[in-house]
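In: got a sequence here, can you model it:
(one chain, ligands or ions: 1)
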Amino acid sequence: MGVIFEPFKIKSVEPIPFTTRAERLQFLDDAGFNLFQVSATEVTFDLLTDSGTAAMSDAQWAAMMTSDESYAGSRSFATFQRTVRALTGIEHVIPTHQGRAAERILFACTVKPGMRVPSNNHFDTTRANIEYVGGIADDLVCEEGHDTRSDYPFKGNIDLAKLERYLTEHAGKVALGMITITNNTGGGQPVSLANLRAVSEIYRRHGVRFVIDACRFAENAWMIRQREPGQGARSAEDIAKECFSLSDGCTMSGKKDALVNLGGFLALRDPVLARDAKNLLILTEGFPTYGGCAARDLEAMAVGLREVLDERYLEYRHATIEYLAAGLEKLGIPTVRPAGGHAVFIDAKEFLPHIPAARFPGQAMAVALYLQGGIRTCEIGSVMFGKPQPDGSFHAAALELVRLAMPRRRYTQSHVDRILEIAGEVAERKDRLHGFEMTERPPHLPHFTAKFRAEGDWVRSF
Ligand code: F0G
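Out: Got it, this is the predicted structure:
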């Protein structure tokens with residue numbers, strides 16, 4: 001792509017908040033330096049997540065207006081079901097309010113205590129829902145997936161030899177097998193079609209049901225088209241359809257590649273499992289023709305699932321992410337290579353070698369980006385996964401990353417240029433960045449509510 005430009009024009013706009021540095025410092029102080037505790041009205045560029053933050057199209061809004069909000073047998077459900085079946089080729093379509101509801105229902109119906117569920121990397125809600133019903137979630141991502149600087153094009157692949165050994169070793173104790181496309185936990189890295197085919201064949205041979213976590217299926221299909229030998233002439237839609245054809249079902253957070261703010265689904269081939277899932281759905285989400293959604297949400301998802309496979313959109317989306325990653329690299333800010341599908345991940349350990357893991361280099365970078373220009377990002381490192389030990393030492397996370405997740409169709413290319421300008425200003429004064437002390441550590445999921453103190457009060461003179 002030459003000049004990167006949005007393949008849409010803008011009909012409705014939303015002002016972005018502007019703040020002064022003094023105000024941002026005050027907001028940070030009030031939030032205990034935790035960006036989850038900062039109000040969105042105090043954020044200029046919100047790159048916290050790509051989930052539920054997409055801008056919807058006029059076609060989606062129009063479809064919402066003409067939805068059929070009947071309790072049973074809604075016309076909107078028929079439209080939604082037809083769309084999902086056409087895309088996935090999977091018979092039973094069960095709408096849920098978001099991805100984790102599909103996960104909860106799937107695992108409640110399939111996982112008994114002590115049983116295992118392998119994947120490349122489970123997303124946190126997937127892992128938590130498996131563990132909640134007493135199961136064991138295992139990650140079998142390929143070796144390249146652990147190396148932030150490796151240029152391997154499919155770092156989301158499952159290690160096939162490991163999977164074979166795993167299924168033999170745990171024969172009879174594997175509830176189902178999964179794969180996440182793209183692999184969010186591993187940096188939004190894609191899974192190749194060759195790997196999907198092989199994984200599907202291995203699961204099948206071992207008699208294990210294979211379910212895809214398909215949140216970002218279109219971005220994964222695009223990267224297959226771009227990167228995998230022999231796939232360049234196929235459409236993203238054709239590739240996506242083949243991916244689904246290899247599975248026995250999928251969980252889907254519509255908040256990503258269905259381009260909506262809320263919604264999801266579970267799709268299953270097995271009629272008996274689908275019946276069990278629908279029974280549970282009625283108990284906790286709603287009647288099977290609306291699940292956890294309003295009919296208008298189903299209409300918006302149906303349109304979004306078609307729009308997301310538009311190749312002009314996918315080309316632009318990926319070009320923007322690549323541009324942001326390349327821009328950061330040019331500023332001397334190392335990122336996880338190659339750029340993934342929905343986000344750019346800064347390698348804070350490499351960028352800020354003077355800040356030890358126990359002083360949270362990722363948190364320092366995230367705070368600096370906010371302080372400098374109102375950019376909100378998410379630390380994925382020792383704040384999230386680190387643990388102080390009883391002997392006073394600190395168990396650090398394997399990687400110290402900062403995620404810049406790009407909401408879909410929300411920011412323009414000039415916004416990305418401004419984000420790079422701010423990152424450049426941070427890079428110029430990187431020696432002035434120092435660490436944080438965690439002054440309040442909640443027992444679970446510390447990143448949401450932990451509080452911090454800046455070492456030597458560096459933020460005031462940054
Ligand atoms: N699976 C993956 C790979 C995800 O990235 C997410 C959500 C889910 C499942 C759960 O879906 O939020 O609709 O319940 N990821 C968001 C993120 C929260 O920021 O990466 P959900």
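
In: where do the domain boundaries of this structure fall?
Out: Domain ranges of the chain: 21-50+310-461, 58-307, per automatic domain parsing.

In: the chain against the ligand: which residues are in contact?
Out: Residues of the chain that fall close to the ligand, judged by Cβ under 6 Å from any ligand atom: 49, 51, 98-100, 123, 125-126, 180, 184, 213, 215, 253, 255, 264. For every residue, glycine as well, the C-beta is placed using N, CA and C.

In: out of these, which comes closest to Leu280?
Out: Arg100 (14.0 Å; Cβ to Cβ).

In: is it true that the closest one touches Asn129?
Out: Yes. Counting by Cβ atoms under 8 Å, Arg100 touches Asn129, with 6.4 Å between them.

In: where along the stretch 51-200 of the chain do the strands fall?
Out: Remark: strands assigned in the stretch 51-200 of the chain by DSSP state E, counting those that start in this stretch are 92-96, 116-119, 136-139, 177-180.

In: can you check the stretch 251-400 of the chain too?
Out: 264-268, 343-347, 375-376, 378-380, 387-388, 394-395.

In: mind checking these for the one nearest to Ser461?
Out: strand 375-376 (19.9 Å).

In: what residues are bridge-paired with the residue of the stretch 151-300 of the chain found nearest the ligand?
Out: Using Cβ to the nearest ligand atom, the single residue of the stretch 151-300 of the chain nearest to the ligand is Ser253, 3.1 Å away. Following DSSP bridges, Ser253 is listed with bridge partners Gly264.

In: just checking, it touches His97?
Out: No. The pair Ser253 and His97 fails to qualify as a contact (Cβ under 8 Å) at a distance of 10.0 Å.

In: of those two, which one has the most company?
Out: Ser253 (28 against 21; other Cβ atoms under 10 Å).

In: what pLDDT does the model give the more buried one?
Out: Looking at Ser253, its pLDDT reads 98.

In: ok, it - contacts?
Out: Listed by Cβ atoms under 8 Å, 6 or more residues apart in numbering, the contact set of Ser253 reads 51, 98-100, 102, 215, 264.

In: dump the residues you listed to JSON lines, plus neighbour count and distance to Glu428.
Out: Listed next are the contacts of Ser253 as JSON lines, based on neighbours: other Cβ atoms under 10 Å; distance: Cβ to Cβ, whole Å:
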{"residue": "Ser51", "neighbour count": "20", "distance to Glu428": "32"}
{"residue": "Gln98", "neighbour count": "22", "distance to Glu428": "40"}
{"residue": "Gly99", "neighbour count": "26", "distance to Glu428": "39"}
{"residue": "Arg100", "neighbour count": "18", "distance to Glu428": "41"}
{"residue": "Ala102", "neighbour count": "33", "distance to Glu428": "45"}
{"residue": "Cys215", "neighbour count": "29", "distance to Glu428": "36"}
{"residue": "Gly264", "neighbour count": "29", "distance to Glu428": "42"}
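
In: quick one: which two of these are the most distant?
Out: Ser51 and Ala102, at 14.0 Å, using Cβ to Cβ across these.

In: count of neighbours near the residue nearest to His395 when sequence neighbours are not counted?
Out: Leaving aside its sequence neighbours, His395 sits nearest to Lys387 (Cβ to Cβ, 6 or more residues apart in numbering; 4.6 Å). By the measure other Cβ under 10 Å, the count of residues near Lys387 is 12.

In: does Lys387 touch Ala397 like I think?
Out: No. Look at Lys387 against Ala397 with Cβ under 8 Å: they stay out of range, at 9.2 Å.

In: show me what contacts Arg409?
Out: 6, 8, 54-55, 57, 259, 313.

In: got it, and Trp61?
Out: Residues near Trp61 by Cβ under 8 Å, 6+ apart: Ala300.

In: hmm, try it at 10 Å
Out: With contact taken as Cβ atoms under 10 Å, 6 or more residues apart in numbering, Trp61 is in contact with 11-12, 296, 299-300, 303.

In: you'd agree Thr96 is up against Ala258?
Out: No. With contact defined as Cβ atoms under 10 Å, Thr96 and Ala258 do not form a contacting pair (11.9 Å).

In: with distance to Met1 added, can I get the domains of the chain in TSV?
Out: TSV is the format used below for the domains of the chain (distance: least, Cβ to Cβ, whole Å):
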stretch	distance to Met1
domain 21-50+310-461	4
domain 58-307	11
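
In: buried deepest among the ones you listed, which one?
Out: Of all the domains of the chain, domain 58-307 has the most neighbours on average by mean count of other Cβ atoms under 10 Å, namely a mean of 21.
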